[in-house]
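Engineer: Let me see the structure of the following:
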Amino acid sequence: MTVFEDDIERWIKENYADVMRAKQALEPVLTIETAISISRILRSVLYLSERDYDALAVYAKKAVDDPRNVLWWAEYDNRNIQKRDFNNSLYSQGNGL
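Structural biologist: I've put the predicted structure just below:
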């Protein structure tokens with residue numbers, strides 16, 4: 001199993017009772033070949049999933065299909081104003097989470 005950045009590991013452990021199931025749902029994201037940070041994509045998927053395993057798998061698949069969509073949904077509001085930046089830790093987002 002892949003080792004994730006510290007904030008991602010912590011988020012998974014704090015928000016998913018079945019850590020292995022959550023990590024397995026995220027595995028497809030690790031196969032993406034992109035210039036975009038994989039950790040940024042993972043953080044976006046975790047944020048969007050709202051602690052739900054099925055949603056986690058759905059957003060992971062959507063990220064594989066086109067990671068830009070997942071980043072947009074996670075980081076911007078409906079007025080196209082950036083509210084979060086998942087280049088940074090999940091815990092440094094302030095009131096955005």
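
Engineer: drop to CA atoms for contacts and neighbour counts, all remaining ones
Structural biologist: OK.

Engineer: In contact with Glu5, which residues?
Structural biologist: Residues near Glu5 by Cα atoms under 8 Å, 6 or more residues apart in numbering: Ser39.

Engineer: do the same with Trp11
Structural biologist: Taking Cα under 8 Å, 6+ apart, one finds Leu90 in contact with Trp11.

Engineer: what's the spacing between it and Asn78?
Structural biologist: As judged by Cα to Cα, to the nearest Å, Trp11 and Asn78 stand 25 Å apart.

Engineer: what's the closest non-adjacent residue to Leu46?
Structural biologist: Excluding its sequence neighbours, the residue lying closest to Leu46 (Cα to Cα, 6 or more residues apart in numbering) is Leu56, at 6.6 Å.

Engineer: does the one you found belong to a helix or a strand, and which?
Structural biologist: Element membership for Leu56, per DSSP states H and E: helix 53-65.

Engineer: For that helix, C-alpha coordinates in CSV please.
Structural biologist: Extracted in CSV, the C-alpha atoms of helix 53-65 (Å, rounded to 0.1, in the frame of the first residue of the first chain):
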residue,chain,number,x,y,z
TYR,A,53,-16.9,5.4,1.0
ASP,A,54,-19.1,5.2,-2.1
ALA,A,55,-18.6,8.9,-2.9
LEU,A,56,-14.8,8.4,-2.3
ALA,A,57,-14.8,5.7,-5.1
VAL,A,58,-16.9,7.9,-7.4
TYR,A,59,-14.7,10.9,-7.1
ALA,A,60,-11.6,8.8,-7.4
LYS,A,61,-12.9,7.5,-10.7
LYS,A,62,-13.9,11.1,-11.8
ALA,A,63,-10.3,12.2,-11.0
VAL,A,64,-8.9,9.4,-13.2
ASP,A,65,-11.2,10.5,-16.0
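
Engineer: buried residues in it?
Structural biologist: Tyr53, Ala55, Leu56, Ala57, Val58, Tyr59, Ala60, Lys61, Lys62, Ala63, Val64 (16 or more other Cα atoms under 10 Å).
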